[in-house]
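# need a 3D model of the sequence below.
(one chain, ligands or ions: 1)
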Amino acid sequence: MDELVRLQSVAASPDGLTATAARLETLLKARGFKTSLMAAQGAPPVVFGSYNSPGAKRTVVFYAHYDGQPVTSEQWNSDPFVPVMRDGAKDVDWKNAKPPFDPEWHFFGRAAADDKNSITAFLAGFDALKAIGHKPSINIKVFWEGEEGRSSPHLAEITRSHKDELCADLWLIGDAPVHQSRAPTLYFGARGNLGLEATVYGLRRALHDGHYGNWVPNPAVMAAELIAQLRDSEGRILIPGFGDDVRPLTAEEKAAIARLPSMENDLRHEFGIGRSEGNEELTASTMRPALNIKGLRSGQVGAEAAGAIPVDAIMAMGFRLVPGQTPQGVRAKVETFLKSKGWTVVTDAPDTAARLVHPRIIRLAWRDAYPALRSDMTSPAARGVIAAANAAAGKPVTILPMMGASVHLYLFDDIMKVPVIGLPISNHDNSQHAANENLRLRNLWDAVEVYAGMMSRLNW
Ligand SMILES: [Zn+2]
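You can find the predicted model right below:
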């Protein structure tokens, strides 16, 4: 883990990505894997490896990504690529410390929790089995990609063009945090994603708000009004028919959610929030589609706030989709709704002629579109995974029918037509995608056990 974090595998450092892929290939080769690098034009390679276990009847692909999110070094308490172990706020000289280590220590470094921990746990689990002379119960394939942080633009292309080599009975996705209770967790799906940047146009140039304030339309107010029409403060999306296509939860999925320990009070304290939206527990709320306002910009604030009517308002929004919904369907519903409210929907900035005839103009830029997936929790493969995870953890693991966040699970389901199940590792408070990303040591140890359990006990 220490060595992997030092390799600067971020999009800004193509050499670091290449060096990491080469190192991972070497690590797999040293363990007897047949390896190759799966390339696509302009993409860091996918590190592929396969290991056949004589007598095994099932083949499982272990997915992880070796790239990390971009870094803003000045926001970090230490160099993101020089790992540090900490006990609370105190640095620990772990390389010279006597075992046993404290499971509550946290290991800091970029990609320590997202997602080099999955690769580390896989390798450590494989080595542990070998050390005790256990033969894997499955044929193993690994698929470690290098551009997840950029939304995997070449993932479909690479997966499709290597379909034969990637043939398997199951994909296990080693990414994402475990449940907030810190218990080992499996997830059976992930919400889809649909990004939208919407620009509301006002006047052509900013004007004095005293001379014109009640007469010239204010785009910030128009945007605020629109947001309140799209979504209420309890998280309900108000677009008519928005939820019509949503596939309901099965009895098993509802039962799994009902079994989750209640974390809501702890989380309200941890996050410093005096209320939560809706009248549901956290996981139940993430089974619904969501509309998040990621950012709003109009005019200026603070010392720069002029007495003027701003010229436009820009809203960065994100939809989380659930099974049954498609990005195209959601997009059509949003655009129909906007038109019903008197908006003229455009894709380019309007000229004066357009502004004069259309009183409410909104420019939409859609992005990051992909659907959700919820795998069948009762399939033979799913039952096998749950049994292996329970046995490895020595207790029933936490089961999430679907993760609130979005990962490209649908793609493997769509192309490979096999069950796709998530095997998360990180602590929920890992600061992934931010400064001071960290992995709680206990989470890594749990993960080594679960990975070794998958490789040695999985069978169906
Ligand atoms: Zn990740």
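
# give me phi/psi at whichever residue of the stretch 151-300 of the chain sits closest to the ion?
Nearest residue of the stretch 151-300 of the chain to the ion, counting by C-beta to the ion: residue 175, 4.1 Å away. Every C-beta, even on glycine, is put in place using the N, C-alpha and C of the backbone. When read as degrees, to the nearest 10, the backbone of residue 175 gives phi -160, psi 160.

# state the distance from it to residue 364.
Look at residue 175 and residue 364: by C-beta to C-beta, to the nearest Å, they are 30 Å apart.

# which parts of the strand or helix carrying residue 24 are buried?
Residue 24 is located in helix 14-30, with elements delineated by DSSP states H and E. For helix 14-30, burial by neighbour count (16 or more other C-beta atoms under 10 Å) applies to 16, 17, 18, 20, 21, 23, 24, 25, 27, 28.

# what does it contact?
Contact partners of helix 14-30, identified using C-beta atoms under 8 Å, 6 or more residues apart in numbering, comprise 3-4, 7-11, 35, 37, 44-45, 47, 49, 66-67, 119, 123, 142, 144, 146.

# now it, how far from the centre of its chain.
Centroid separation for helix 14-30 versus its chain: 23 Å, with C-alpha atoms, centre = their mean, to the nearest Å.

# state the mean pLDDT of that helix.
Here helix 14-30 scores 96 as its mean pLDDT.

# now the element after that helix, going C-ward?
Sequence order places strand 34-38 as the next helix or strand after helix 14-30, per DSSP H and E.

# list the strands paired with that following strand, with their directions.
Partners of strand 34-38 in the sheet, by DSSP bridges, are strand 46-51 (antiparallel).

# how about the CA coordinates for the helix or strand following the strand it pairs with, as CSV?
The first helix or strand that comes after strand 46-51 along the chain, using DSSP H and E, is strand 59-65. Coordinates of each C-alpha in strand 59-65 appear next as CSV, following Å, rounded to 0.1, in the frame of the first residue of the first chain:
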residue,chain,number,x,y,z
THR,A,59,-14.6,-17.6,-12.8
VAL,A,60,-14.8,-14.3,-11.0
VAL,A,61,-13.5,-10.9,-12.2
PHE,A,62,-12.2,-8.6,-9.5
TYR,A,63,-12.6,-4.9,-10.6
ALA,A,64,-10.7,-2.0,-9.0
HIS,A,65,-9.1,1.2,-10.2
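
# mind listing what the helix or strand just after strand 59-65 pairs with, with the direction of each?
Note on strand 59-65: by DSSP H and E, the next helix or strand toward the C-terminus is strand 84-87. When pairing is defined by DSSP bridges, strand 84-87 lines up against strand 90-92 (antiparallel), strand 106-108 (antiparallel).

# so who does residue 280 touch?
Applying C-beta under 8 Å, 6+ apart, one finds that residue 280 lies in contact with no residue.

# and it, what element?
Going by DSSP H and E, residue 280 is not in any helix or strand.

# quick one on the thing from earlier: go through the buried residues of helix 14-30 and name the one nearest residue 351.
Among the buried residues of helix 14-30, residue 17 lies closest to residue 351 (C-beta to C-beta), at 42.9 Å.

# and the closest residue to residue 372 other than its chain neighbours, bridged to which residues?
Nearest in space to residue 372, with sequence neighbours left out and distances taken as C-beta to C-beta, 6 or more residues apart in numbering, is residue 192 at 3.8 Å. Assessed by DSSP bridges, residue 192 has beta-bridge partners residue 321.

# so residue 192 makes contact with residue 410?
Yes: the criterion here is C-beta atoms under 8 Å, and residue 192 meets it with residue 410 at 6.7 Å.

# circling back: look at residue 175 and residue 364 and report which has more neighbours.
Just comparing residue 175 and residue 364: by other C-beta atoms under 10 Å the higher neighbour count belongs to residue 175, 25 against 17.

# now the more buried one. Nearest residue, chain neighbours left out?
residue 115 (5.0 Å).

# now residue 352: closest residue in space, sequence neighbours ignored.
Nearest to residue 352 is residue 204, by C-beta to C-beta, 6+ apart, at 6.9 Å.
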